[in-house]
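[1] Sequence plus predicted model, see below.
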Amino acid sequence: MTLDAELDIERIRAETPGIPHTNHLLASGSALMPQPVIDAVIGHLQLEAEVGGYEAAADRRAELDATYDSVARLIGAQSHEIALVENATAAWCHAFYSLPLSAGDRVLTCEAEYGANYVAFLQRAKRDGIVIDVVPSTETGEMDVEALRSMIDERVALIAATWVPTNGGLVNPAAAIGAVAAEHGITYLLDGCQAVGQMPVDVAALGCHYFSATGRKFLRGPRGTGFLYVQEDHIERHEPAMIDHFAAEWTATNEYTLRTDARRFENWENAYALRVGLKAAADYALDLGLEAIQNRSWSLARRLRSNLHSIAGAEVRDIGTEQCAIVSFTVEGLDPRPTVAALRERGITIGASSPASTRLDAEARRLPTLMRAAPHCYNTEAEIDALTSALASLAPG
Ligand SMILES: Cc1ncc(COP(=O)(O)O)c(C=O)c1O
């Protein structure tokens, strides 16, 4: 039995039905789901088919409600601080568009901010006149916390940062950013999309007021799931940008009363089968242990970075003093997208990441489209080496 120091890799692989089909190295895209997640989703769909959708939800009410508890446990939050939504972008937008930002209000963000978030900044700059100020990075690539501190004045209304950017291997100093936000009483919105399921998360230690995440990446949940954490004191501070009669009860002809929990950011109708899948994913990750998952996936990523140095013309494009399980690279003479397709034909799955996903960082570092590989704890050293050999055989050098 291959028993990792902390994880039973053979059991984890046996519980991952995708393993025999593909050498899947793209947990930062959409990871392979474990069997309990698949069983939960299919089981609920089956029940809906047998008794009807409303009835299935009623029969499974306790389990559905427990999804909030599992997600809360995963990030050190309380259940009433969680809203379940369809993806990380929806979660982030629910938070961002609820903030009453007006002309001249400054938003401080990082160079590696995700494209979806940045276009939302641009829309509110155009519509509401907010000012977007990008905090420079340190020499090693992280958001410069001292520069952040020095940029704060009374017009700063929001600090919004990405913890683990879409590519680049970077881990931004999310907790140190939170400490600056706390020093100045500034609202802090953290994009934790690529951190959740990859490493331990404790929202209290991070000091964020809003935290957005997705289910399908490192958490190994089903596609179409995500969640927003809203720190309890912030829940009732602002109204959601859009509400329905679930978020707010229609209490009199001309009146409504908003919910007092984070579910005010949800709608009435939901994909309940996916929700129980998200619960199973959170429980599965907690059961394995997030520290163990981090240790294993980061160590596989280190192996890949080191292997890549042996390929002529390969360049690892990662930054940061502490590098996570997302490995970005180029190989001279290999066009990323056709290379991803050629690898897929050989049973190896990685991805490509275009400059527009993190445009500021890409422009600053003159990055082309990158190849992106992201091992999870279910991957093996042999799978990493197989990717390296396949790349070497495709490379013209
Ligand atoms: C850093 C970051 N934030 C947010 C997202 C968006 O997540 P979703 O597709 O679930 O909306 C991504 C997706 O790649 C991402 O990399």
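    Looks like it came in fine.

[2] Spell out which parts of the stretch 201-350 of the chain neighbour the ligand.
    By C-beta under 6 Å from any ligand atom, the part of the stretch 201-350 of the chain that sits against the ligand consists of Thr214, Gly226. Bear in mind the C-beta positions are built from the backbone N, C-alpha and C, glycine included.

[3] Just confirm yes or no for stretch 107-121 near the ligand.
    Yes. For stretch 107-121 and the ligand, the contact criterion (C-beta under 6 Å from any ligand atom) is met by Tyr114, Ala116.

[4] pLDDT of that stretch, averaged?
    For stretch 107-121, mean pLDDT rounds to 98.

[5] Centre of the chain to it, how far?
    On the basis of C-alpha atoms, centre = their mean, to the nearest Å, stretch 107-121 sits 14 Å off its chain's mean C-alpha point.

[6] Now do the end-to-end distance for that stretch.
    Chord length of stretch 107-121, first to last residue, is 8 Å (C-alpha to C-alpha, to the nearest Å).

[7] Need the residues that contact that stretch.
    89, 92-93, 96-97, 101, 130-137, 141, 143, 148, 151-152, 156-162, 165-166, 168, 170, 172, 191, 193, 356-361, 364 (C-beta atoms under 8 Å, 6 or more residues apart in numbering).

[8] can you check stretch 12-32 too?
    Contacts of stretch 12-32 (C-beta under 8 Å, 6+ apart): 33-36, 38, 166-167, 194, 197-198, 216-220, 223, 288, 297, 325-326, 347-351, 372-380, 383-384, 386-387.

[9] Now, of those, which are buried?
    By the neighbour-count criterion of 16 or more other C-beta atoms under 10 Å, these include these buried positions: 33-34, 36, 38, 166-167, 194, 197-198, 216-220, 288, 297, 325-326, 348-351, 372-380, 383-384, 386-387.

[10] Next step: those restricted to strands.
    Among the buried ones among the contacts of stretch 12-32, DSSP state E puts Ile348, Thr349, Gly351, Arg372, Ala373 in strands.

[11] Out of those residues, which two sit at the greatest distance?
    By the measure C-beta to C-beta, Ile348 and Arg372 form the most distant pair in these, at 13.0 Å.

[12] Tell me, how many residues neighbour Asn254?
    By the other C-beta atoms under 10 Å criterion, the neighbourhood of Asn254 contains 6 residues.

[13] Show the contacting residues for whichever residue of the stretch 251-397 of the chain sits closest to the ligand.
    Proximity of the stretch 251-397 of the chain to the ligand (C-beta to the nearest ligand atom) peaks at Ser357, 6.9 Å away. The neighbours of Ser357, taking C-beta under 8 Å, 6+ apart as the test, are Tyr114, Gly115, Thr166, Asn167.

[14] in this structure, which residue is closest to the centre?
    Cys193 (1.3 Å; C-alpha atoms, centre = their mean).

[15] and it, what does it touch?
    Ala88, Tyr114, Thr162, Val164, Ser212, Ala213, Thr214, Lys217, Gly226.

[16] same thing with Ile186?
    Ile152, Val156, Ala157, Leu158, Ile159, Val180.

[17] among those, which two are most distant?
    Spanning the widest gap among the contacts of Ile186 are Ala157 and Val180, at 14.4 Å by C-beta to C-beta.

[18] Now for Met168: which residues touch it?
    Careful, residue 168 is Gly and not Met. By C-beta under 8 Å, 6+ apart, the contact list for Gly168 reads Ala112, Gly141, Arg317, Asp318, Ile319, Gly320, Ile326, Ser328, Thr358, Asp361.

[19] Which ones among these map onto strands?
    Using DSSP E, Ser328 are the members of the contacts of Gly168 that sit in strands.
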